[in-house]
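>>> Sharing a model prediction with you, sequence too.
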There are 2 protein chains.
Amino acid sequence: MTTPGRGLHGHVLDTLGPAITAGEYPPGSVLRTDELAQRFDVSRSVMREAVRVLESMHLVESRRRVGVTVRPKAEWNVYDPQVIRWRLEGADRPHQLRSLTVLRSAIEPVAAALAAKHATAEQCAELTECALGMVANSRGHKLEEYLVHDVAFHRVILTASGNEMFARLGDVVAEVLAGRTHHEVMFEDPDPAAVTLHVQLAEAVREGDADRAEKLTREITVGALQELDILAP
Amino acid sequence: MTTPGRGLHGHVLDTLGPAITAGEYPPGSVLRTDELAQRFDVSRSVMREAVRVLESMHLVESRRRVGVTVRPKAEWNVYDPQVIRWRLEGADRPHQLRSLTVLRSAIEPVAAALAAKHATAEQCAELTECALGMVANSRGHKLEEYLVHDVAFHRVILTASGNEMFARLGDVVAEVLAGRTHHEVMFEDPDPAAVTLHVQLAEAVREGDADRAEKLTREITVGALQELDILAP
DNA sequence: GGCTCTTGAATTCGTCGTACCTAATGGGTT
DNA sequence: AACCCATTAGGTACGACGAATTCAAGAGCC
């Protein structure tokens, strides 16, 4: 997605990473560097670099005399954008999408409240622009154009919060929104109520109304949760 | 903390990682693999593996004919536990601690609400046990013992939420709580009100009262924010 | 003359292969 | 049961070549 296969070691990762995160190698499975190097037809140096990266993601652990063992899922660095992407590619996709949507529902309302307090005039303008773009593409099956503005909108909110941890979730939100448009629900035009909520949210942030911004965002995320049938009715 | 310096490449990372996250090499700075290998007195193979890891954390970018360039802070994988630890070690510590505390204030209330719905009997028991441990060590300068139970308490909440993304924040919360006890505020016994809140939270979760669990956790995190003077009035 | 375009040399990472070291494991011996 | 040693797979080092990109010098053009 971002930087596909930069070099041989990248190609190896693009194959091994998804395989591991998809659970093709159960936790405790043992891989050997030389065997892998042979399988991918690369030198041991390249394979070692790939293993180091997987190790830094806590997907595997390398031990002498044993080999490269796959770590249990609970130890993976599930916030690593690369890991998230791999999991979204594989069979884990629905589950991952739910986890991330719940995460969004926790983060975004707080981020929106902070954005209402810290957003610059520029960011407010961007926000309004994005909201307008959403309105303009909310009818007539212009889902792709809508998505672009939707993603941009949420990115601005997260960035304007002034919290770097929130800001870095922009990519995650982008993946979730894109996933929703491309693979999951949403075959028709977006819910008009959701569009209105975004417009109102832009308003609230512009006016510095943190409380209203938070509540509006909570409504937006509740909608996202309902789309995935996460909330009990 | 977790796995300090496993091998030469680990030692290099333990030095280079903190240096980069501390801002000793401004964004755009260019390092060369061979020069680094010489400086750390390791082979190029080892240095290349270290660079690969830093690259997977988006701390640096390696390009031909140019070298290893440091990426701007906004692109770092700030959720990587290793990066968090490095930043907590360095001059960035106060800022990082604030960011993480705000993150906690967003995540934990939602996690607590979910925990109230999903916690097993075992987890409820653990929670009560932890709360009792906090009470028992809340007076008489037994800060270390208190910390242990506090960390365990929040870990159980995050795990019991049933959301893997929340669960993986256990380490982050542990770092924040430990940081508070060891380096920041909290020179005397913990706030009795906070202890009571934890006891009540354990109650609420046991009773499956999601709404109360969320509100109680919000009070706890507000307290944490106030300790760092993040909240205005 | 000043400008652009092309060409080529220099540089640094990328990859490979080999050789040797180290340590953990498992089995065999006492 | 305790100990020792051979096996094994990763860890490290070094040297060589390949590939891509930058930068500058020079040719061609306006």
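Yep, that arrived. Just so it is clear, the model here is predicted, and its values are computed rather than measured.
>>> confidence score at A:Gly5?
The per-residue pLDDT reported for A:Gly5 equals 67.
>>> meant to ask about A:Gly140, not that
Reported pLDDT for A:Gly140: 87.
>>> One more: A:Arg180?
pLDDT, read off for A:Arg180, is 86.
>>> by contact count, what packs against the helix or strand hosting A:Asp14?
Assigned by DSSP states H and E, A:Asp14 belongs to helix A:8-21. Counting contacts by 3 or more CB pairs under 8 Å, 6 or more residues apart in numbering or on different chains; DSSP states H and E, helix A:8-21 is packed against helix A:33-40, helix A:44-56, helix A:81-89. (Each C-beta comes from the backbone N, C-alpha and C, glycine too.)
>>> Can you show me the helices along chain A?
Using DSSP state H, the helices of chain A run over residues A:8-21, A:33-40, A:44-56, A:81-89, A:93-118, A:121-136, A:143-160, A:164-167, A:170-182, A:192-207, A:210-227.
>>> Mind listing residues that contact the last one?
Yep, that's helix A:210-227 we're talking about. Helix A:210-227 has contacts (CB atoms under 8 Å, 6 or more residues apart in numbering or on different chains) with A:101-102, A:104-105, A:108-117, A:157, A:176, A:180, A:184-186, A:191, A:193-194, A:197-198, A:200-201, A:204-205, A:231.
>>> Okay, the spatially most central residue of chain A and DNA strand C: tell me how far apart.
The residue lying closest to the centre of chain A (CA atoms, centre = their mean) is A:Val172, at 2.0 Å. Computed as CB to the nearest atom of the strand, to the nearest Å, the A:Val172 to DNA strand C distance reads 27 Å.
>>> Then A:Val110?
For A:Val110 relative to DNA strand C (CB to the nearest atom of the strand), the value is 39 Å.
>>> That residue reaches B:Ala106, doesn't it?
Yes - in terms of CB atoms under 8 Å, A:Val110 counts as a neighbour of B:Ala106; the distance is 3.8 Å.
>>> follow-up on the earlier one: and the contacts of helix A:210-227, which of them are buried?
Buried by 16 or more other CB atoms under 10 Å in any protein chain shown: A:101-102, A:104-105, A:108-116, A:157, A:176, A:180, A:186, A:194, A:197-198, A:200-201, A:204-205, out of those.
>>> and the angle from the lowest-mean-pLDDT helix or strand in chain A to helix A:93-118?
Using mean pLDDT, DSSP states H and E, helix A:170-182 stands out as the lowest-scoring helix or strand of chain A, at a mean of 91. Helix A:170-182 and helix A:93-118 are oriented at 130 degrees to each other (axes from the mean of the first three to the mean of the last three CA atoms, to 10 degrees).
>>> and helix A:170-182, what other elements does it pack with?
Under the contact rule (3+ CB pairs under 8 Å, 6+ apart), helix A:170-182 is packed against helix A:81-89, helix A:93-118, helix A:143-160, helix A:210-227.
>>> Hmm, the residue nearest to the centre of chain A is touching A:Pro81, no?
Yes - A:Val172 lies in contact with A:Pro81 (CB under 8 Å); the separation is 7.3 Å.
>>> if we can go back for a sec, so for A:Leu36, which of the helices and strands packed on helix A:170-182 sits nearest?
helix A:81-89 (17.0 Å; CB to CB).
>>> Which strands or helices does that closest one pack on?
Using 3+ CB pairs under 8 Å, 6+ apart, helix A:81-89 sits against helix A:8-21, helix A:93-118, helix A:170-182.
>>> of all these, which lies closest to B:Arg44?
Once the helices and strands packed on helix A:81-89 are compared by CB to CB, helix A:8-21 is nearest, at 14.8 Å.
>>> so does the closest one get close to DNA strand D?
No - using CB under 7 Å from any atom of the strand, helix A:8-21 never reaches DNA strand D; the gap is at least 10.8 Å.
>>> Dump the C-alpha coordinates for that helix into PDB.
Provided in PDB are the C-alpha atoms of helix A:8-21 (Å, rounded to 0.1, in the frame of the first residue of the first chain):
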ATOM      1  CA  LEU A   8      14.200  -8.100  -1.900                       C
ATOM      2  CA  HIS A   9      13.800  -8.100   1.800                       C
ATOM      3  CA  GLY A  10      10.600  -6.100   1.300                       C
ATOM      4  CA  HIS A  11       9.300  -8.800  -1.100                       C
ATOM      5  CA  VAL A  12      10.000 -11.400   1.500                       C
ATOM      6  CA  LEU A  13       8.100  -9.400   4.200                       C
ATOM      7  CA  ASP A  14       5.100  -8.900   1.900                       C
ATOM      8  CA  THR A  15       4.800 -12.700   1.700                       C
ATOM      9  CA  LEU A  16       5.900 -13.800   5.200                       C
ATOM     10  CA  GLY A  17       4.100 -11.100   7.100                       C
ATOM     11  CA  PRO A  18       0.600 -11.800   5.700                       C
ATOM     12  CA  ALA A  19       1.200 -15.500   6.100                       C
ATOM     13  CA  ILE A  20       2.100 -15.200   9.800                       C
ATOM     14  CA  THR A  21      -0.600 -12.700  10.700                       C
END
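>>> do stretch A:107-115 and chain B meet?
Yes - remark: stretch A:107-115 sits within contact range of chain B at A:Ile107, A:Pro109, A:Val110, A:Ala111, A:Leu114, by CB under 8 Å from any CB of the partner chain.
>>> quick one: average confidence on that stretch?
Averaged across stretch A:107-115, pLDDT comes to 98.
>>> quick check, distance from the least confident helix or strand of chain A to the centre of its chain.
Relative to its chain's centre, helix A:170-182 lies at 6 Å (CA atoms, centre = their mean, to the nearest Å).
>>> Tell me the buried residues in it?
Using 16+ other CB under 10 Å as the test for burial, helix A:170-182 gives A:Gly170, A:Asp171, A:Val172, A:Val173, A:Ala174, A:Glu175, A:Val176, A:Leu177, A:Ala178, A:Gly179, A:Arg180, A:Thr181.
>>> same thing with stretch A:59-71?
A:Leu59, A:Val60, A:Glu61, A:Ser62, A:Gly67, A:Val68, A:Val70, A:Arg71.
>>> Leaving out sequence neighbours, find the closest residue to the first one.
Right, the one you point to is A:Leu59. Sequence neighbours aside, A:Ile20 is the residue nearest to A:Leu59 in space, at 5.2 Å (criterion: CB to CB, 6 or more residues apart in numbering or on different chains).
>>> Could you tell me which residues of chain A lie near chain B?
Residues of chain A lying near chain B (CB under 8 Å from any CB): A:9, A:45, A:48-49, A:52-53, A:55-57, A:73-74, A:76-82, A:99-100, A:102-103, A:105-107, A:109-111, A:114, A:163-168.
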